[in-house]
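**Q** model the structure of this input:
(chains A and B)
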Protein chains: 2
Amino acid sequence: MKKRIVTISREFGSGGRTIGKLVADKLGYKFYDTEIIERVIEETGLAREIVEKYDEYATHKNSFLYSIAVNAGGDNYSGLSFANRVQVAQVNLIKKLAQEGNCVIMGRGADYILREREDCLNVFIRADMGFRARHVLENYGETDVKIEDRLRDKDVRRKVFYRSFAMREWGACENYNLMLDSGAIGIEKCADIICSIVKE
Amino acid sequence: MKKRIVTISREFGSGGRTIGKLVADKLGYKFYDTEIIERVIEETGLAREIVEKYDEYATHKNSFLYSIAVNAGGDNYSGLSFANRVQVAQVNLIKKLAQEGNCVIMGRGADYILREREDCLNVFIRADMGFRARHVLENYGETDVKIEDRLRDKDVRRKVFYRSFAMREWGACENYNLMLDSGAIGIEKCADIICSIVKE
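**A** Alright, predicted model coming up:
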């Protein structure tokens, strides 16, 4: 079946966003990454800081439960915590975008949210620490935190975010149709491989 | 760096062997799968049944330790258990084959054994249960054992075999440069993708 939706999960610094953008451009598909944040802000009416905070990173190692606990009672109108409201809006939006089809969706557990659809190609992009460190320093510059710690922190927070609602392992082979090591294969080539599978 | 060696790990029934053979044919690379068994028989002088038994499957869930215990003292000449002798011969052989280059090596922890080489492309092939069940029934026929149980048993034994000497997880994304879902992507297409990366 023709793959009308490409979901791309990625380790921080692996060039996954660049690959996703290239794929969308080459295929003439829509591209959704931070665009999802804007749409969730519109739909929920929540402040940008709140939506960004709960976008696709866990804020603490056990953050989903933590955020429910912290927000409990602070949001009586909907009966849902902020984290929950962001997540529910995100899930509904991703289902709607998939329904419209011909799109690339970055992260946010889209592979899990759309697991019943057969027209999804689920991709995971990874690379070794050295490649990712160079990539992040070139694109985002240095901070006070050691680069390896920044990478590990982001990965752990994505992993925890994913596990908090998917109840399965982020980055485990069985959840994807394709895994590419962008450091070994090259960013352009990764995009070409994805496109060639979609076109098949 | 040009990839002179392709290692292919695969779930049972995913068509990994067919893909490996296609890749070798298309690239003009040598193909090593059961050929490794023949070479180990020659080099160790051990009986075929012993070499096949310890080839790349754990015979019990905790078999490596089990086989050492069972064979201890039964092989005074070398001071090594049969399982160990097969494994040592296999490791040395795989290193030698890699040294000669331009080859596809199926399974046997070759990705781990050759982890220091930069001219290796490490591939993992998987597929969902339905695809694998159909593939195995078509190619090997039925037995008394339920097909899902046969698949799970083989996977577990490869996993345990791998963990017994690699001390890392068989099928975990971080050990490979490329993972392909042969059920979703197609066997021919998987071979084409691997060839196109090697030729790059």
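**Q** okay, CA-based contacts and neighbour counts for the rest of this
**A** Fine.
**Q** elements contacting whichever strand or helix holds A:Asn139?
**A** Assigned by DSSP states H and E, A:Asn139 falls within helix A:129-140. Packing partners of helix A:129-140 (3 or more C-alpha pairs under 8 Å, 6 or more residues apart in numbering or on different chains; DSSP states H and E): helix A:147-166.
**Q** now with 10 Å?
**A** helix A:147-166, helix A:182-185 (3 or more C-alpha pairs under 10 Å, 6 or more residues apart in numbering or on different chains; DSSP states H and E).
**Q** most tightly packed of the ones you listed?
**A** Ranked by mean neighbour count, the helices and strands packed on helix A:129-140 are led by helix A:182-185 with a mean of 21 (mean count of other C-alpha atoms under 10 Å in any protein chain shown).
**Q** near chain B at all, that helix?
**A** Yes. Contact of helix A:182-185 with chain B (C-alpha under 10 Å from any C-alpha of the partner chain) involves A:Ser182, A:Gly183, A:Ala184, A:Ile185.
**Q** how about stretch A:150-166?
**A** No. Against chain B, stretch A:150-166 shows no contacts by C-alpha under 10 Å from any C-alpha, the least distance being 12.9 Å.
**Q** for chain B, what are the nearby residues on chain A?
**A** Along chain A, the residues adjacent to chain B under the rule C-alpha under 10 Å from any C-alpha are A:1, A:3, A:118, A:120-128, A:171-186, A:189-190, A:192-194, A:196-198, A:200.
**Q** ok, now with 8 Å
**A** Proximity of chain A to chain B, by C-alpha under 8 Å from any C-alpha of the partner chain, involves residues A:126, A:171-174, A:176-181, A:184-185, A:189, A:193, A:197.
**Q** burial of A:Thr18, as a residue count?
**A** By other C-alpha atoms under 10 Å in any protein chain shown, 13 other residues sit near A:Thr18.
**Q** what residues are up against it?
**A** Going by C-alpha atoms under 8 Å, 6 or more residues apart in numbering or on different chains, A:Thr18 touches A:Ile187.
**Q** list the buried ones in the one helix or strand it maps to?
**A** In this structure, A:Thr18 is located in helix A:16-27 according to DSSP H and E. Buried residues in helix A:16-27, counted by 16 or more other C-alpha atoms under 10 Å in any protein chain shown: A:Gly16, A:Arg17, A:Ile19, A:Gly20, A:Lys21, A:Leu22, A:Val23, A:Ala24, A:Leu27.
**Q** next: stretch A:130-137.
**A** Buried positions in stretch A:130-137, judged by neighbour count with 16+ other C-alpha under 10 Å: A:Phe131, A:Arg132, A:Ala133, A:His135, A:Val136.
**Q** the first one touches A:Gly183, doesn't it?
**A** Yes. Distance between A:Phe131 and A:Gly183: 5.8 Å, which falls inside the contact criterion (C-alpha atoms under 8 Å).
**Q** what do these two both touch?
**A** With C-alpha under 8 Å, 6+ apart as the test, A:Phe131 and A:Gly183 both reach A:Ser14.
**Q** low-confidence ranges in chain A?
**A** Regions of chain A meeting the criterion pLDDT under 70 cover residues A:57-80.
**Q** how many other residues sit next to A:Ala89?
**A** Neighbour count of A:Ala89, defined by other C-alpha under 10 Å: 17.
**Q** who's in contact with it?
**A** By C-alpha under 8 Å, 6+ apart, A:Ala89 lies in contact with A:Val40, A:Glu43, A:Thr44.
**Q** nothing else from me, thank you.
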